[in-house]
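> Below: sequence and its predicted model.
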Amino acid sequence: PVEYRTLCRVMRTIMSRISSDKASRRLEQMRRVLRTPMNIRTIKSSSSPGDVLSIGDQSITIRPAKCQELVPRLYVTDLLPQSTLRHLKWIMQKDLLGQDMFLIGPPGPLKRHLALQYCELTQKEVEYIALSRDTTEADLKQRREILNGTAHYIDQCAVRAATDGRVLIIEGIEKAERNVLPVLNNLLENRLIRLCCYSNS
């Protein structure tokens, strides 16, 4: 019993030291973050075709959009909080790596606003779809419509984003039905989508 109590006392001491070390590391990280606030800078570049956008120590070249009406507007304010700038910096890092992003957070428009703010800053064209239980494959790929007595397949947001190099914002992924999930998985993982008929709509 004496050895067991001694061992328990030693273990408690070790665990308290480990937890205090973790807490001190977290506090030091928070001090570094608060000590060096980030800001957004847009630099005119003579070597690249567009301006250079910098958030903290990350930079990306802004390329002019072909369809300005598809670029978000009025989502970026003059004073963005540091928490938003950290999220935007993370999105920029993923963009530079060419990776997809999955934003997780509490219910509300914050996740969508972050994506639209980044697209406004970088002048990227956006295609948007909000998934629901009524969303079908045709809402993502192509819809069949009758024009002048002839059936045409009209490209939808996922196809337009893939063919025109736009950002596809998918909201409500948790509400997607089973028949839509394979289409999304094939699109996001393999960059493939099977169409009924290609249309230049």
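Yep, that arrived.
> Show me what whatever helix or strand I154 lives in is packed against.
According to DSSP states H and E, I154 maps onto strand 150-155. Contacts defined by 3 or more CB pairs under 8 Å, 6 or more residues apart in numbering; DSSP states H and E place strand 150-155 against strand 142-147. (Each C-beta comes from the backbone N, C-alpha and C, glycine too.)
> mean confidence score for the strand it packs on?
For strand 142-147, the mean per-residue pLDDT is 82.
> Of all the residues in that strand, which ones are buried?
By neighbour count on 16 or more other CB atoms under 10 Å, the buried set for strand 142-147 is Q142, R143.
> Partner strands of it, with direction?
strand 150-155 (antiparallel) (DSSP bridges).
> Pull out the buried residues from the helix or strand hosting L53.
Assessed by DSSP H and E, L53 sits inside strand 52-55. Residues of strand 52-55 classed as buried: L53, S54, I55 (neighbour count, 16+ other CB under 10 Å).
> my guess is the second one meets T61, correct?
No: taking CB atoms under 8 Å as the contact criterion, S54 and T61 are not neighbours in contact, 10.7 Å apart.
> So what pairs up with I154 in the strands?
Bridge pairing for I154 - DSSP bridges - gives R143.
> show me where the protein has helices.
2-35, 82-97, 110-122, 137-140, 157-164, 181-190 (DSSP state H).
> what about this structure, any weak spots by pLDDT?
Confidence mapping of the chain against pLDDT under 70 gives the ranges 1-5, 7-8, 11, 14-23, 27, 30-37, 45-49, 196-201.
> same thing but at 50, please
199-201 (pLDDT under 50).
> hmm, back to that, give me the helices and strands touching the strand holding L53, please.
Partner elements for strand 52-55 (3+ CB pairs under 8 Å, 6+ apart): strand 40-43, strand 58-61, helix 82-97.
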